Structures are given as C-alpha cells and as structure tokens.
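need coordinates for the below:
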Amino acid sequence: MTEHCRIIGDTFYSDRLVRFSHCDPAGIVFYPQYFIMFNGLVEDWFNQGLGVNYARYITEHKLGFPIVSLNCEFSATSTIGEIITLGLKLERLGRSSMEIAVDCRYKQEERLRARFVLVSVDLNHQRAQPVPDDLRGLMQAFQQGQLDINNHRRDS
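Numbers count the residues shown, from 1 in each chain. Have a look, this model is predicted:
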C-alpha cells in the first residue's frame, strides 16, 4: 500500500510513494511536484480527514480553496521509491481563510516545511466568502484533536 491516511492528535498524515512522475532525471523530487502533492494532501484531508467530499464543494457548491500565500523551506531531497509522510496541521482558521502548516518526512528525517494560506472562494463570483458553518465546525473539531477517522466515517 502506497498511501495511508491517519489523524494523530491535531495533525492529518498521509503517506505517499515518490513516483517517477514526481522526479527529475536524477530521481529527485522536482520541487514544484511538492506543491501538487500539497493540493492532493488538502483534498485527502477534506475527503478522509474531515469526511466531506472535496469535489462536491467545487462542482455542486461552487466553492474552491485556492492557495493565496505559500512559504516553503527545503532541508533534504526525496528520491524515487521512498514513501514520504506529509503532515497537515490547521494553524489558524479565519472568517474565509485557513493557514496550514505542512511538514514532509522520510522515516524521521525532515525533508521540508511549508506554510500556506487557503481562501474559501465563491467560484461563480471569484470572491472570498466565509467558510461554511458545517465545514468550519469540522475544521474546529480537527484543530482540537476531536476527529478520529479510524472509527467514524461521514459521507457528504
């Protein structure tokens, strides 16, 4: 199994296989691929961690969550064939934005740290809008370490 998701305390973790498509000719993750992985991590957090359908928010609710600010520090390379672990922590939940901290590790070695801000955006009008109350409640429960994805599943 190459992907495994779990919540420990107030952090969502996802294991990911470093694939050939992530790498440059030297077999090292090409740094923009991490940004694609971050988006996948956010989708997994919504789908598996919060138990809400990310695609449905976009297609039916016309609500998106683009990154509007990103800071990333790389400390070591990741290479093809490794299974890296991405950890997502919700640092701050604002009216229409959320600040996310991500770290990436291979075994115990830190590979990178990132911080980014997502904004809840009405896709029809391309404007920020408040995070919906139901989603806000789930995010607050996650932030407080109250979600257990191993024993409680939701479909929405």
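
what about the residue nearest to the spatial centre of the chain, distance to A76?
Centrality entry for the chain: nearest residue to the mean C-alpha point is V42, 2.6 Å, by Cα atoms, centre = their mean. Relative to A76, V42 is positioned 23 Å away (Cβ to Cβ, to the nearest Å). For every residue, glycine as well, the C-beta is placed using N, CA and C.

ok, back up a step: got a pLDDT number for the residue nearest to the centre of the chain?
Looking at V42, its pLDDT is 97.

now do N150
pLDDT recorded at N150 is 64.

what mean pLDDT does the helix or strand containing F142 have?
F142 is located in helix 133-143, with elements delineated by DSSP states H and E. For helix 133-143, mean pLDDT rounds to 96.

which strands and helices lie in contact with that helix?
strand 83-93 (3 or more Cβ pairs under 8 Å, 6 or more residues apart in numbering; DSSP states H and E).

the strand it packs on: how far from the chain's middle?
6 Å (Cα atoms, centre = their mean, to the nearest Å).

try stretch 57-76
8 Å.

list the contacts of that stretch.
Contacts with stretch 57-76, where a contact means Cβ atoms under 8 Å, 6 or more residues apart in numbering, come from 31, 34-35, 38-39, 42, 46, 97-98, 106, 109-124, 129, 132, 135.

change it to 7 Å
Contact partners of stretch 57-76, identified using Cβ atoms under 7 Å, 6 or more residues apart in numbering, comprise 31, 42, 109-124.

good, wrapping up.
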